[in-house]
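Visitor: return a 3D structure for these sequence lines:
(chains A, B, C and D)
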4 protein chains.
Amino acid sequence: RGKGSKEKIILNIGGVRYETYSSTLRTFPGTKLCSLTEPHAPSIYDYDPTTKEFFFDRSAEIFSYVLNYYRTKHFHCPTDTCRSVLEEELAFWEINETQLSSCCWLKLNNKEVQPEEFNIWDENEQTDDQCLIVQTERRDFSWRTRWQPKIWSIFEKPFSSFSAKCLALVSLLFIIGIVIIFCEETKAQFEFFTANFTSSGYSELSHNDHDHYYHQAAYLLHLELLCVLWFTFEFSVRFCFCPDKKLFFQNPLNVVDFLSLFPVYIELFVAGRIQRMPSLGLWLGFVRVVYLLKLLKISKLIETPLILRVLSYTLKSILREICILLMILAFETLFFGSLFFYGELLGSHPSYTGELHVADILVCFWWALITLTTVGYGDIIPLTTFGQVTAALAAVFGMLTITIPIPIFLVKFKSYYDIAIFKQKLKRSKKP
Amino acid sequence: RGKGSKEKIILNIGGVRYETYSSTLRTFPGTKLCSLTEPHAPSIYDYDPTTKEFFFDRSAEIFSYVLNYYRTKHFHCPTDTCRSVLEEELAFWEINETQLSSCCWLKLNNKEVQPEEFNIWDENEQTDDQCLIVQTERRDFSWRTRWQPKIWSIFEKPFSSFSAKCLALVSLLFIIGIVIIFCEETKAQFEFFTANFTSSGYSELSHNDHDHYYHQAAYLLHLELLCVLWFTFEFSVRFCFCPDKKLFFQNPLNVVDFLSLFPVYIELFVAGRIQRMPSLGLWLGFVRVVYLLKLLKISKLIETPLILRVLSYTLKSILREICILLMILAFETLFFGSLFFYGELLGSHPSYTGELHVADILVCFWWALITLTTVGYGDIIPLTTFGQVTAALAAVFGMLTITIPIPIFLVKFKSYYDIAIFKQKLKRSKKP
Amino acid sequence: RGKGSKEKIILNIGGVRYETYSSTLRTFPGTKLCSLTEPHAPSIYDYDPTTKEFFFDRSAEIFSYVLNYYRTKHFHCPTDTCRSVLEEELAFWEINETQLSSCCWLKLNNKEVQPEEFNIWDENEQTDDQCLIVQTERRDFSWRTRWQPKIWSIFEKPFSSFSAKCLALVSLLFIIGIVIIFCEETKAQFEFFTANFTSSGYSELSHNDHDHYYHQAAYLLHLELLCVLWFTFEFSVRFCFCPDKKLFFQNPLNVVDFLSLFPVYIELFVAGRIQRMPSLGLWLGFVRVVYLLKLLKISKLIETPLILRVLSYTLKSILREICILLMILAFETLFFGSLFFYGELLGSHPSYTGELHVADILVCFWWALITLTTVGYGDIIPLTTFGQVTAALAAVFGMLTITIPIPIFLVKFKSYYDIAIFKQKLKRSKKP
Amino acid sequence: RGKGSKEKIILNIGGVRYETYSSTLRTFPGTKLCSLTEPHAPSIYDYDPTTKEFFFDRSAEIFSYVLNYYRTKHFHCPTDTCRSVLEEELAFWEINETQLSSCCWLKLNNKEVQPEEFNIWDENEQTDDQCLIVQTERRDFSWRTRWQPKIWSIFEKPFSSFSAKCLALVSLLFIIGIVIIFCEETKAQFEFFTANFTSSGYSELSHNDHDHYYHQAAYLLHLELLCVLWFTFEFSVRFCFCPDKKLFFQNPLNVVDFLSLFPVYIELFVAGRIQRMPSLGLWLGFVRVVYLLKLLKISKLIETPLILRVLSYTLKSILREICILLMILAFETLFFGSLFFYGELLGSHPSYTGELHVADILVCFWWALITLTTVGYGDIIPLTTFGQVTAALAAVFGMLTITIPIPIFLVKFKSYYDIAIFKQKLKRSKKP
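Guide: Here you go, the predicted model:
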């Protein structure tokens, strides 16, 4: 021990031996390691006199960084350290977590997956199944209990059995059918509109035209009624056999199904009064747009790839951010629209004789939005230099506004996608 | 052993010594480490009485995390741990994999590159070569066997030899030639159309015009015939000498080559009948669009950068997602188109006298798509407030729909690009 | 020591023993490790003759890489090594940092978070509170000191108390009110414009129309005055009770508040002169656009999600880059506009009789910007082939220019987002 | 050695002891580790009979993975392992690199920064300085050698001295001046065009108008001449004092400077002949567009942020990919243009009487490009259903084509940005 007569301390951290000078440990007084240098330390801590080691039953990995903290006075941590691990070790060694050097802040692994995030990717089939099992356990005594799960799965899970596939196909054909009928009916609607609302409207002739309308559209109405009868049947069965009525109506697709039953029944009910209130006929046509929403049910009939499920989940999670961005867009619309209005007024010559095309500020708002989204119909065009400068600014701002949601979207999507991929592989590896 | 009289156990894991209290190991009863604390353990496991160590011939790295699990009751793992490694070690130590703390889930390295993904980046030349070798081995007895690989590589691999380069150049010139001829012919086609289909059509004069058409286009037809004769020769040779006829027709480019032979021969065949069926002439012009598809062959003549090969592979792999996104776009088109139709009908004044420009719902669908893609021609423009609100919604939805495929594209592209870059470097380092 | 008679040296680096041949350490003469092989080394360094070890109280982790540097002559470092750590260790071992192998350059962790970046995410409420405390300490002797913090927080922190919420709601209603009033006034403005500036303008009739304008708009002016009186009251109170007058006017929202007080007072002041200077009426309408900017105050009334705070911070940090990109866009506008102008002039036929629509180069610049941003109104369209080629180039360049800011935006956003998420989790974990 | 009588082998790898069974090492016969189990191993390798250890002076880190390979038969490697390190160690242990498990392929660190990539970010000032030094060393004997570096840095480095800043400001003013003059001259050009090329052109009157043109534009020409004289002086001095004439002309900005000297001199030279060749006047106007390119010199006068230097470097590096994408766009233009042409011809009714607006296939190509880039002027619009379907397809394909370059751009930009940031921090830390 001639040269280097400084006193050394040996620390056995879970079997790994560390050696350091006592002076090093005295760098931070008041911590557990510093107290080891005190004379009475051997009697407090687990000290082995034969090997002259202090034993601690702790992780050796983090301790090497703790010891370096005493040596260099800067506390660093290894890559991707779990925060909880670091906290526990630092608490044991009585070091303040805030001593962590700023270059290591981003190394801390905060990616604690929330259970709700993680479980969202489970097939809802599982939950359905459990739902049914609960159902079964509750009331095990009627024919309904025996048949309900089977009928429910025939109507709800198109891939579960052959009969379910057939039913899904029939349902799909009816949906496509009613969309085609809807498109055909618009022709009759347009004729009805021409007959009743144009210059010659409200004349005696219109009644004939109106009859003509029903004459022409009669076979369409019959076909539509046929489809709706099928939808009524399907909806009734699904409603009767659904395991939970409340959850059933929380699903927007079921609400659409319910609403799509009404238009044709109302039309039949008020058939006689349309002649007196022609606009009612148009409104009845308008509410049929709900038929198109039934197309969304096709998403249940095709197996959605994982990446699109993640996408829809991401969209849901950034809904609030998208709303705020739309509010920014709305503000830009108001602002540039107003600028444009006054720009066109102020910029036009005093001797200007023609009609101004921006007679209304609402038209300016419309123009501003069409410019901001870079659609640019060209129906309203700035005629003055001031208006052109406003339009140029609006176009550039619109271009920048489009790119704003992309990074938000990407960052969120990336993190959800990583979780989803992990979950999928976990599930796949468990199956065999 | 005065103070700290707790019993210690020394574990020698592949040469690395770990020390811990017996009480720590008893935390999780029923595991292998817990059984070491039992009195008969030395007789079961590899126990060295001199050093009082239990020896296990395992990885020391993962074991330090296993031991920490006994100490802290939370199981963490190091960064980028391979799942298979972790599973094997945990199976040995009889610990359930599901104990892994949720903050470490994403640390597991799941990036097991699928062999098919990895090998896709190989030059198809290699496979071709192997194909030829197989060919050679199979029937080693004719002149064809000797010449076939040479001729095949002259026609298929433009960079393989000087004669192949010359042939590729000639082929390229003929492709550019036929595209120019195609463009020139459209002028004659347009005159033919004006003569036959406009108001003065079907008159006696049209025959003269028609003759005029053939008169003017005669030299073009001869030039076209020359090109097609070359293509016929090229296709015949390539078809005769291709190693696998089935694979040959699975390549879309070869199908295009095959189809592009027909138009001019059919024209020559039916030349006399065009006077009687003028629309046939137009259809013959139309099918010549197939010549343009021959331009895709240029992609074989230039060396595609790695990044574009990755790009095309990415596009192929997300084809299904793109299709579903196009279905969403189609749905939006139908929905906004219908809303627009009824919006314009309902919003117009009862005393409206002019003609409505949305006479047809198909026109509305067309308008909706042009608005959703932010093209915005401006041929159909909402005239009512309701229609303008629909248009504004469509424009904003279109803007958002455009940004949706970007994250999917990016995430997939990034992962394929990483693999491709690794593969390329691997190959490059092997060459010298 | 029979075979392998090469002399070995044992190094005890903080308790971890490393062993190597003396010849290995002599690889790089002049370094500290090389000097250990010299005969007088034991007398200089901390040498233990019993174990024949040199002891160094340093990090063992980096040292293993240092020792490998002597063995392989290439210096590598572990993943995500903090630069400061590496520098300190290399300085101790007297190795030049530039020896680091190029493949490890990107492994160095440079992510030292700047304190200003890190603290930006703090709620400004905290700073406000501190501001108030300082205030309180300074002059503790008047009624103002007691009431000022309370009134200030009622007006500035809408979520702090019930009365603050009520005040925020009232304020919000007044803001929405004045925006609606602004929109309504544009109608009167438009009538005023039609009466004064069109062909029949400056006639005797216009005075009547003008009176008519004030007649019609009188109730609007009264409503506007009511709103502005409220804003005057609100602004006065906030100005009086703000802790720091200078900071108060550095906030653009307060400047907008201040400016929005003037239009209506000026209108009342100059009411009589508008008849003589009709354009003054339009200018007074124009400056009311400042009311719309008050809508930005809504951003204080809703809780902004973290991701949008990061977004706005990112936008601020890349403001300079965006400006330069806008300059590039401006250059492209000038360049393509000029090309288009001369293209249309040179390309038109000598016998061209109609009027050219590009009578002015400013119109061409306008066209170029509308094409570059892919708005494409279609009011100005190239009629010559040269002009069409210019337009095509402009469209393609515009398309590429749009994608340029995306990567800059993404890279910056990602890094700020990581910091923000870390900070948020840190704060959340401290609260309980 | 009672239980566990299997023979153990102790390996001392650079001071770290590993212990394993001989049977484990015999897993892969023919490797170096397997040969340790042979009886004559102690005489070949560095064997210490007292501690019964084989000593190898190698990295202990990789060896733990090598030993695990013998235990588990799968070879894994740690995160971000440098390829060269792994190769060297595996070569020493006589293991084939291809044994690496596929899950670890992407862990290999291939990011060897190419020296040319790394040095590109250096200020070119440095290279200039070195250039000058070389210059100085070569011919140290004239007044030119003494003054050349000073004058060169005054003209080329606007931030180097006060006189350089003044010169840069003067230069900037002249550039802005000539751009304004250029814009003003277009008015005279347009009058000249109206006088010479419209219906009344080539009449006797035009000569008067032409004189009028020169009369009006005379003061502009004088101002332009003044600017160009300054540019001539500046260019001459810079050319005379540039250190390398060849490098000087490789810089496109200098070529632009050179070309921008000609227009005004040519105009003065041919002034008399413009009356005889009016189109010459327009061409002389056209070539003045080169003045606008001088605006690019402003980029030298402002300090470009790092992120934009990275951006321009990225753009250069993916130039080839962008070209190929533009070729794809060109192909889509040809294809959709042709489809549109025939679609409109075939889809129009036989009794169609009006004029077709797609009289030419070039017009169709123009339409296709404007639709693909989503500009959508609306000058050419499909009138038939077939044409509308083509337009819809073109719009959707255009939308997808826009998103294709984004991932390429991002991936490249990210990697260059990482290098640039590292380099910048390295430089900054060296300065103090």
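Visitor: any figure for the gap between the residue nearest to A:F365 when sequence neighbours are not counted and B:F386?
Guide: Residue nearest to A:F365 in three dimensions, not counting chain neighbours: A:G337, with 3.9 Å by Cβ to Cβ, 6 or more residues apart in numbering or on different chains. Bear in mind the C-beta positions are built from the backbone N, C-alpha and C, glycine included. Taking Cβ to Cβ, to the nearest Å as the measure, A:G337 falls 18 Å from B:F386.
Visitor: related to what we said a few turns ago, the residue nearest to A:F365 and A:I370 touch, don't they?
Guide: No: applying Cβ atoms under 8 Å as the test, A:G337 and A:I370 come out as separate, 10.5 Å apart.
Visitor: ok, these two, which is more surrounded?
Guide: A:I370 (30 against 27; other Cβ atoms under 10 Å in any protein chain shown).
Visitor: just give the closest residue to that one, not the sequence neighbours.
Guide: A:Y377 (5.6 Å).
Visitor: same question, A:L33
Guide: A:L25 (4.8 Å).
Visitor: and that neighbour, how far from chain C?
Guide: 10 Å (Cβ to the nearest Cβ, to the nearest Å).
Visitor: tell me, how many residues neighbour that residue?
Guide: Neighbours of A:L25 (other Cβ under 10 Å): 21.
Visitor: that one is in contact with A:E38, isn't it?
Guide: No: A:L25 lies out of contact with A:E38 (Cβ under 8 Å); the separation is 10.1 Å.
Visitor: distance of A:E184 relative to A:L221?
Guide: 11 Å.
Visitor: what does the stretch 301-432 of chain A have sitting close to chain B?
Guide: A:302, A:304-305, A:307-308, A:311, A:314, A:322, A:326, A:329, A:362, A:366, A:369-370, A:373-379, A:402, A:405-406, A:409-410, A:413-414, A:417-419, A:421-422, A:425, A:429 (Cβ under 8 Å from any Cβ of the partner chain).
Visitor: ranges for the helices of the stretch 101-250 of chain A?
Guide: Counting by DSSP state H, counting those that start in this stretch, the stretch 101-250 of chain A has helices at residues A:115-119, A:124-138, A:143-156, A:162-197, A:205-241, A:245-250.
Visitor: could you report the neighbour count for the nearest residue to A:I175 once chain neighbours are set aside?
Guide: Spatial nearest neighbour of A:I175, excluding adjacent residues (Cβ to Cβ, 6+ apart): A:K294 at 5.1 Å. Using other Cβ under 10 Å, A:K294 has 21 neighbouring residues.
Visitor: so for A:K294, what's the pLDDT?
Guide: pLDDT for A:K294: 88.
Visitor: give the contact list for the closest residue to chain D within chain A.
Guide: Closest to chain D within chain A is A:G378: 5.8 Å, counting by Cβ to the nearest Cβ. Contacts of A:G378 were listed using Cβ atoms under 8 Å, 6 or more residues apart in numbering or on different chains, and they are B:376, B:378, C:376-379, D:377-378.
Visitor: returning to what we had before: what's the residue nearest to A:I175 in contact with, if anything?
Guide: A:K294 neighbours (Cβ under 8 Å, 6+ apart): A:175, A:178-179, A:256-257, A:260.
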